[in-house]
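**Q** I would like to see how this sequence folds:
(3 chains)
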Amino acid sequence: MAKTIGRRLIVPLAVLVLVLSFGGIASAQSNDPPNSELAEAINVMWMLIAGFLVFFMQAGFALVEAGFTRAKNVAHTMMMNLMVFCVGAIGYWLVGFALQYGAINFTYPAVGALSEWAHSPVSLGDWQGLLATPLLRFGQFGILGGSGFLLDGVGAVSGILAFFFFQLVFMDTAATIPTGSTAERLKFTGFILMGLWVSMFIYPLIGNWVWGGGWLQNLGRSLGLGNGAVDFAGSGVVHMVGGAVALAGAIVIGPRIGRFNKDGSANAMPGHNIPLGVLGTIILFFGWFGFNPGSSLSFVGAGRDLAVTAAVNTLLAGAAGGISAMTYMWMVGPTKKPDPGLSVNGVLAGLVAITASCAFVTQTSSVVIGLVAGVLVCLATFGLERARVDDPVGAVPVHLINGLWGVLAVGIFATGNPDTAGWNGVATPVTGLLYGDTGQFLAQVFEAFAVLVTVLGLSWVFFKIVNALKQLRSAPQDELLGLDIPEMGTPGYTNADVVMPGGRLSQQMPATSSNMRTK
Amino acid sequence: MAKTIGRRLIVPLAVLVLVLSFGGIASAQSNDPPNSELAEAINVMWMLIAGFLVFFMQAGFALVEAGFTRAKNVAHTMMMNLMVFCVGAIGYWLVGFALQYGAINFTYPAVGALSEWAHSPVSLGDWQGLLATPLLRFGQFGILGGSGFLLDGVGAVSGILAFFFFQLVFMDTAATIPTGSTAERLKFTGFILMGLWVSMFIYPLIGNWVWGGGWLQNLGRSLGLGNGAVDFAGSGVVHMVGGAVALAGAIVIGPRIGRFNKDGSANAMPGHNIPLGVLGTIILFFGWFGFNPGSSLSFVGAGRDLAVTAAVNTLLAGAAGGISAMTYMWMVGPTKKPDPGLSVNGVLAGLVAITASCAFVTQTSSVVIGLVAGVLVCLATFGLERARVDDPVGAVPVHLINGLWGVLAVGIFATGNPDTAGWNGVATPVTGLLYGDTGQFLAQVFEAFAVLVTVLGLSWVFFKIVNALKQLRSAPQDELLGLDIPEMGTPGYTNADVVMPGGRLSQQMPATSSNMRTK
Amino acid sequence: MAKTIGRRLIVPLAVLVLVLSFGGIASAQSNDPPNSELAEAINVMWMLIAGFLVFFMQAGFALVEAGFTRAKNVAHTMMMNLMVFCVGAIGYWLVGFALQYGAINFTYPAVGALSEWAHSPVSLGDWQGLLATPLLRFGQFGILGGSGFLLDGVGAVSGILAFFFFQLVFMDTAATIPTGSTAERLKFTGFILMGLWVSMFIYPLIGNWVWGGGWLQNLGRSLGLGNGAVDFAGSGVVHMVGGAVALAGAIVIGPRIGRFNKDGSANAMPGHNIPLGVLGTIILFFGWFGFNPGSSLSFVGAGRDLAVTAAVNTLLAGAAGGISAMTYMWMVGPTKKPDPGLSVNGVLAGLVAITASCAFVTQTSSVVIGLVAGVLVCLATFGLERARVDDPVGAVPVHLINGLWGVLAVGIFATGNPDTAGWNGVATPVTGLLYGDTGQFLAQVFEAFAVLVTVLGLSWVFFKIVNALKQLRSAPQDELLGLDIPEMGTPGYTNADVVMPGGRLSQQMPATSSNMRTK
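**A** Purely as a prediction, here's the structure:
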C-alpha cells in the first residue's frame, strides 16, 4: 500500500518536476535570446549610438571654427575639419588603437574581473588573450601598448569593434581641436602631419596612461592615490590633450599677420559668420550627450545610472557655463554686452569642465563647475591675448584650461556614489576632497600635470620639426589673400555668378574670382 | 522495501528538484541582469536618446528664425536661441520642475498604480514619497506642485533624473517659440526675462495641469469627461503655450518699424537666408522624432507600439502639411508659387498638429490632420497680418493655431486603441468623436480653451510689466541699424577682411565694420 | 511507517517543487516582460533610431547640393530637397510600399522561416497573411507586389509600421539623388513628377527585386547563384537607382547654359558655398551610421554583430574614400590641390561603395573598397565632363558609379561570416570571389546590370515624356536670372535690408530685390 502510494505519487511528481523545471528554463531560454545576450545588445547599442553622436561633433567643431574665423579661409578651415576625421581614422586604425589598448597591465577591461553584472561594460571577448602581449612598462608603470595594429586578430570580435568605434571618435575629437588654434595660417601639409601626430601617437599615449591600463590609471595600486586618475569622459584625455597640442601649435606657428602690433597691443579679427558658430555650438552640445553619457560604456545596471547622471549634469554645466561667461562679458567685459563669441565658448567651457566628473557629482556641483568654467574661459582668453599667443577660436581657453579644471573637479566634487565602483576598473567609489578623499585629488593633480607637461613638451618638439621642414606655416602672401585659393584651389564663397573657362579638368581659379576677396 | 524505494527515489528526486529549479532561476538570474532591469534599461535609454533629439531641435528653431529674419539681426536671433536653453535649463532646474511635478494628486506617474508591466513608464522610484508634499489644489482640481526645487532629494534617483532631462528639453521647446514672434526688436534683457517667465512659471503651470496630475488631466475623474485632457507630446502643453506667449509678446511689443503702413497695409520683410531656414526645418523634423515617439515614456510593451505609431504618423503629417501649404500657395496664394516660407511652415504646422494625437490615430487620419494644418497655417498667417500683428517667422500660426487644432484632433480622431490605456495615467482607451466618445472631445476643448486664455492673459500682463520697466523693446535707432551691434556688440556677418585695433580686451565694433550694414 | 515517511516527505516535496518551479518561472515572467518582448523592443528601437538618422540625411543632401551650386538657385535647390521628402513620403505610403513589399514569393521576411532567434528581424506579425495576395511574377521570377496600399490592413501592426518607416526613409534617399544632377535648371513641376516617379514606381520596383522577394533576391534558388543578389544597405537598390535616374535626367534635360562651349570644352561653374557643402557631407556621414548599421534590421544576436561590423567598416571606407580622392586631386588633378569638391565626393563615394558589403567584409577590405571609390569618383567626374553630361554636384559619379562598384564588391570581398546567414532571407554565409564563391559574384553582376539597364531605360522614357509635356526644363531667361525668383517667388538670400510694399498678401518680389542677383 505504502509502496503503491509512494509510487503513485512519486512518478507523476517526477514528471511534474521535470515539466515545471524545464518549463522554468524554457520560458527564459527556448528560442528566445538569453538575458546575457539582451544585456550585451543594450550595452553595445548604447555605445554605438553614443559613438554616432560623438562623430557628429565633427560638424560642430567645423562650424565653430569656420564661423569665428574669416571668410577668406573658410574652405581651408572646413576642409581641415572634414579631413582630420578621415586622416585620423585611418591613422588610429593603423597604429593608434594598438598603442592605446594593445596591452593591459591589469584586468581592465576584461569582463571577467568585474564581479557584478551590473558593472559589466560591453563584452570584449577574450580581450587579454587577443591583444595583450607587448607592453612598454616599468614595473607597475605602464607606458604604451603595442598589439592589434590594423585590428589584427580582433576585427571579428564585435565587442572590440564597437569599443574601437567609440574610442576612434573620441580620438578624433582631440585631433580636431588644434585646427582651431592654428587656423588661418596652417599649411595643409602641416595639418595632415598634425592629424597623424594626434591620432597615431600623442592621443594614444595619454589614452593608454589614463584609460588603457597605464600608469596614471594605476596610481591607486602603485602609490595608493584614490582610484588612480579617474577621467570619466576625458576632460584630460581628450580636451587637455587637444588643448595642449593646440597651445604648442599656436606658439610655434606664431600669430596671424596683423593680430598684434609692435607695441604688444592686440587687434581684433572678428569671425565672419556668427550663425555658423552658434549652430556649431548647439551641434557640439548635442554630440556631447553621446560623449559624456556614452562613457558609461554600458547601460544595464550601474551603467544606466552613470549615463543618466552624466546626461543631466552635462546639460546643467553647459548651460551654467554659457550663463556665467555671458554675464561676465555683460558686466565686466570690454564691450559690456552679452558677447556671442565668449558666450559660445562659455557653453563649451562648461561642457569640457564637466566631462571628467559628469557621472560622479551632484547637480548642484555641476552648476558650480559650469559657472566657474564660464569665468575661466573669459579670463584665459584675455590672458592668452596678453601673452601674445594667437588662438583664433579660443581652443586653449576652452579645452586646455577647462580640461584641467575638469580633471581637478573630479578630485573635489565626486560624491563617492557606490555606482561608480566597477566602472572602467575603478575599485572603490570615486570620492573627492569635499567628501573626504585627499588621495583621489592628488591622483587628479598627477593626471593634469602629466598630461600638460607631456603633451605640451612633445608637441612643441613635433611642431618645431614640422616647421623646420617648412610644412607648418603658409606663405605670408597666401595668408593675406586667404588660404582658400592658394591652399585649396577654390574660394569658399562664390556669390557672384561666375562662369570660368576650363571645367574641372583645368580649373584655375583666378584670385579675383570671388567678390569676397576684395580686402 | 517500500521505505527503501521511497527513500531511494525521494532523495535523488529532491536533489533533482533543487538542481533543476535553482537551475531555472539561475539561468534567468545568476550574474545576468533580471528582466526588470533590462526593461528599465530599454525604457530609460529610449527616453534619454529621445531627449537628445528634442534638445537638438534648438538648432532647428535657431536656424528657422535666423533664416526668416534679416541679416542685420542674425547674431541677436541666434544668441537668443542658444541662451534660451541655458537660461531656461537653470530656471527649470531651480523652480520649474518642482512646480510642474513636485506633487501629484493622483497616482500618476507612480509605477505601482499601473497594473501591467507593458505600460510601466520609466521607473521613478518612490516618487510620491520623494516629491509629493505641498500641492496647491481646490478639491480634485490641482493647480501647482511645489517640491523638488534644485532636484532636492531626488537627484540620486536616475529614473527621476531621466524624466527631468526629458521634461526640461520639452520646456525649452516652448520657451524658444516666442523668440520668433518678437524677433528683430526684443531687447536682450527682455529676452532673458521671457526665458525665465516660460521656464520658471507659465510652462510648469500648464504642464502641471495636463501632465503633472493637475485639474485638466483629472477631468475624467472630476467631471467624467473621457480620460481628461490627453495630450501625447504636447500640442497644447508645449506648442500652444509657446504660441500663446508668442502672441502676447507680439501684441505688446508691437510691429517692427516699417512693417505696416499708416493705412493699415502691410510690407514684406523677407528673411535673409532661405537655406538656413530650410535646414532648420529638416533639423526640427528630425528632432520631432524624439519629441513625439519619445513621449511614449517607455519602449517595452505598449510603449513600443505607441512610439512606432507616433513615428510613422509624425512623418506622414509633417509631409502632408508641407504639401498642402505648398499647394495652397501655388494655387491660391498671392505669388502663385510654391512659396518656401509657407511650405516650411506647413511642414512645421503638420508636425505641431499631430503632436497631441500621434500615438492615437490611424495613418490616414494623420494625413488628414496634416493637410488641414497646412491650409490653417496659410490662413492664419494672412489673418494675423490683416490684424496688424507682426510675427516675423509665423510662430503664432504654426504653434498656437495648429497646437489648438492638434489638441482638438485627439478628441476627433483617436481610435480607442487599447494600447493607449495605461499611458501616463490614462484609464481607458483614448477615443475621439469619430469613434464614439463625446466626453473626450469636451476634455480637449477644455484644455485648448484653458491653455489659450490662461497663457495669453498672464503673458500679456507679464509683457506689460517688462515693457513698463523699459526692458521689452530696443531703441528705434538700434532696430533700424540692426540689433547685432548695439545689443550684442558684434556684427553677425563680417565678410570683408576686417582688422580692428584693440583686441578682445577693448573691442569696439564700429557701426560700419560690416559690409552687410549698408542699408 | 514507510507510508508515513513517504507522505511526510512527498507532500512538502511537492510543495517545494511547485514553489521552486513556479518561482523559477515567476522570476523570469511574473509582471516582468518576457525575453521575446525585450528582444523585440531592442530590435524595433534600433530600427527606429537608425531610421531617424537616415531621415536626417535629407539635410545633408540639401546642403551638399546647395553648397556646390550657385547662389541664384539656392532657394530652389533647398526646396527640392525638403519637398522631395514630403512628396515621396505620401507617394510611398499611397503606392510604393505596396508595390515593393505587398507580396512575397518566398518566406522573407516572415519570422517563422528563420530558425534561430539570433537572426530574427523585427517581428512583422503574420506578414504574409496580411499583405500577400496579388504578385506579378513569372514562375520563380517575382516582379512586383501589389497589396497594402495606404498601409491598408497593416497599419495597426507596429512591427510593420517600423519596417515601413525604415523603408520609407531609404526610398527618400534614392529620390533626392537626382535633384543634384538636374539642379539649377529643373522646373518645379518636373521636380514634383520626378519625386512621384521614384517614390511610387521605380524605387519600389527595384526594391522588390532585391529586397522584397523579387527575382534578383531569388537568383540563388532559381539559378543557383550564391544567395541571389545580396545588397546589405542598398549600394544598388538605393544609390544605383538614384544615380541612374540622375543620369537619365541629366542627359534628357541637357547641360546648364554656358556649361559647355561649342568646341566641346567645358567651363567650371563653382558652387557658391563650400561650408554648406562640407557641413552637408558630415551630416550625410552621420546619417549613414543609421543607413548601413541599421540595415541589420535587428540588434539582438547576429544582428548586433552585423550592425557593429557595418558601423566600423562604414567609418573606415568613408575616411579612405576621402583620403584617396583628396590625394588623387593633390597629386594628379588639374589644380594640384586637395580639392574640396572632390574630397567631399570622395568621402561620399567611399560611403556609397561600402553600403552593399559593409556587414560582410573585413576592415582591411573596407579600406581598399574606399580607396578605390575615391579614385573612381574622380575619374568618373572627368569622364562625365568629357561626355558633355552636366551633373552639377557629381550625383552620377558618387551614386551610380560607386553604387555599381559597391554591388560588385560584395561578390569580391564578402568573407563568408556565418553571422550573415539568416539576414534578410540569406540562406548560407555570403561569400565573395576572394573567399571562393563565384556564384555570388555572378548574382551581384546580375543585380548591377539589371538595375542599371532597367532604371536608366525606364527613367529616360519618363523624362522624355515630362519634357514633351514642357514640364522638365525652366525657361532660359529664368535659368540665367536664377530659378529662385521665377520658380519659387523669393530670392534665396536677401542681404540688403529690403522692405517691400504689399506684405505677404500681395508679395511680388522684384527681380532686383536682392543684391545677389547682379550678374
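**Q** which stretches of the stretch 351-500 of chain A form strands?
**A** Counting by DSSP state E, counting those that start in this stretch, the segments of the stretch 351-500 of chain A that form strands are A:500-501.
**Q** Could I get the full set of helices for it?
**A** In the stretch 351-500 of chain A, the segments counted as helices under DSSP state H, counting those that start in this stretch are A:363-386, A:395, A:402-413, A:438-468, A:476-481.
**Q** What mean pLDDT does stretch A:418-428 get?
**A** For stretch A:418-428, mean pLDDT rounds to 86.
**Q** That one: how far from the chain's middle?
**A** Mean C-alpha position of stretch A:418-428 versus that of the full chain (CA atoms, centre = their mean, to the nearest Å) differs by 21 Å.
**Q** Any idea how many residues pack against the closest residue to residue A:147 other than its chain neighbours?
**A** Nearest in space to residue A:147, with sequence neighbours left out and distances taken as CB to CB, 6 or more residues apart in numbering or on different chains, is residue A:102 at 4.0 Å. Backbone N, C-alpha and C define where each C-beta goes, glycine included. Summarising burial for residue A:102: neighbours were counted as other CB atoms under 10 Å in any protein chain shown, giving 26.
**Q** cool, and residue A:438?
**A** One way to gauge burial is a neighbour count; for residue A:438, by other CB under 10 Å, it gives 13.
**Q** Residue A:400 now?
**A** As a measure of burial, residue A:400 has 29 neighbours, counting by other CB under 10 Å.
**Q** Check which helix or strand the nearest residue to it once chain neighbours are set aside maps to.
**A** Distance criterion CB to CB, 6+ apart; nearest residue to residue A:400, sequence neighbours excluded, is residue A:243 at 2.8 Å. With the criterion set as DSSP states H and E, the secondary-structure element containing residue A:243 is helix A:241-253.
**Q** packing partners for the helix or strand that that helix is followed by?
**A** Toward the C-terminus, helix A:241-253 is succeeded by strand A:267-268 as the next helix or strand (DSSP H and E). Using 3 or more CB pairs under 8 Å, 6 or more residues apart in numbering or on different chains; DSSP states H and E as the contact definition, the elements that strand A:267-268 packs against are strand B:500-501.
**Q** so residue A:142 sits in a strand?
**A** Yes. Secondary structure assignment places residue A:142 in a strand (DSSP: H, G, I helix; E, B strand; the rest coil).
**Q** any weak-confidence spans in chain A?
**A** Within chain A, the segments meeting pLDDT under 70 span A:1-30, A:103-140, A:495-519.
**Q** So what's the residue count around residue A:418?
**A** Taking other CB under 10 Å as the criterion, the count of residues near residue A:418 is 11.
**Q** coming back round to it: next, the angle from the helix holding residue A:243 to helix A:402-413.
**A** If you take axes from the mean of the first three to the mean of the last three CA atoms, to 10 degrees, helix A:241-253 sits at 140 degrees to helix A:402-413.
**Q** ok, and what's touching helix A:241-253?
**A** Judged by CB atoms under 8 Å, 6 or more residues apart in numbering or on different chains, the contacts made with helix A:241-253 from elsewhere in the structure are A:173-178, A:180-182, A:185-186, A:194, A:197-198, A:202-203, A:206, A:389-391, A:395-396, A:398-401, A:403, A:451-452, A:455-456, A:459-460, A:462-464, A:467, A:472-473.
**Q** The residue in the stretch 151-300 of chain A positioned nearest to chain B: neighbour count?
**A** When distances are taken as CB to the nearest CB, the stretch 151-300 of chain A reaches nearest to chain B at residue A:266, 2.8 Å away. As a burial measure, residue A:266 scores 22 neighbours (other CB under 10 Å).
**Q** So it sits against residue A:384, correct?
**A** No. The criterion here is CB atoms under 8 Å, and residue A:266 misses it with residue A:384 at 10.1 Å.
**Q** Output the set of residues of the stretch 51-200 of chain A in proximity to chain C.
**A** By CB under 8 Å from any CB of the partner chain, the part of the stretch 51-200 of chain A that sits against chain C consists of A:51-52, A:55-56, A:58-59, A:62-63, A:66, A:74-75, A:78-79, A:81-83, A:85-87, A:89-90, A:93, A:150-151, A:155-156, A:158-159, A:161-162, A:164-165, A:168, A:188.
**Q** which ones among those residues are found in helices?
**A** The members of these that map onto helices under DSSP state H are A:51-52, A:55-56, A:58-59, A:62-63, A:66, A:74-75, A:78-79, A:81-83, A:85-87, A:89-90, A:158-159, A:161-162, A:164-165, A:168, A:188.
**Q** wait, does stretch A:313-328 make contact with chain B?
**A** Yes. Legend: contact between stretch A:313-328 and chain B by CB under 8 Å from any CB is shown at A:315-316, A:318-320, A:322-323, A:326.
**Q** Okay, and which of those residues map to helices?
**A** For those, membership in helices holds for A:315-316, A:318-320, A:322-323, A:326, with DSSP H as the criterion.
**Q** could those go into TSV alongside neighbour count?
**A** Rendered in TSV, the data for these read as follows (neighbours: other CB atoms under 10 Å in any protein chain shown):
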residue	neighbour count
A:315	33
A:316	28
A:318	32
A:319	32
A:320	29
A:322	34
A:323	25
A:326	29
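**Q** Going by distance to residue A:143, which of these wins?
**A** Nearest to residue A:143 among those is residue A:318, at 34.4 Å by CB to CB.
**Q** And the closest one, how close does it get to residue B:85?
**A** 9 Å (CB to CB, to the nearest Å).
**Q** just residue A:87 next, same as before
**A** Separation of residue A:87 from residue B:85 (CB to CB) stands at 33 Å.
**Q** The two: who's more crowded?
**A** residue B:85 (29 against 26).
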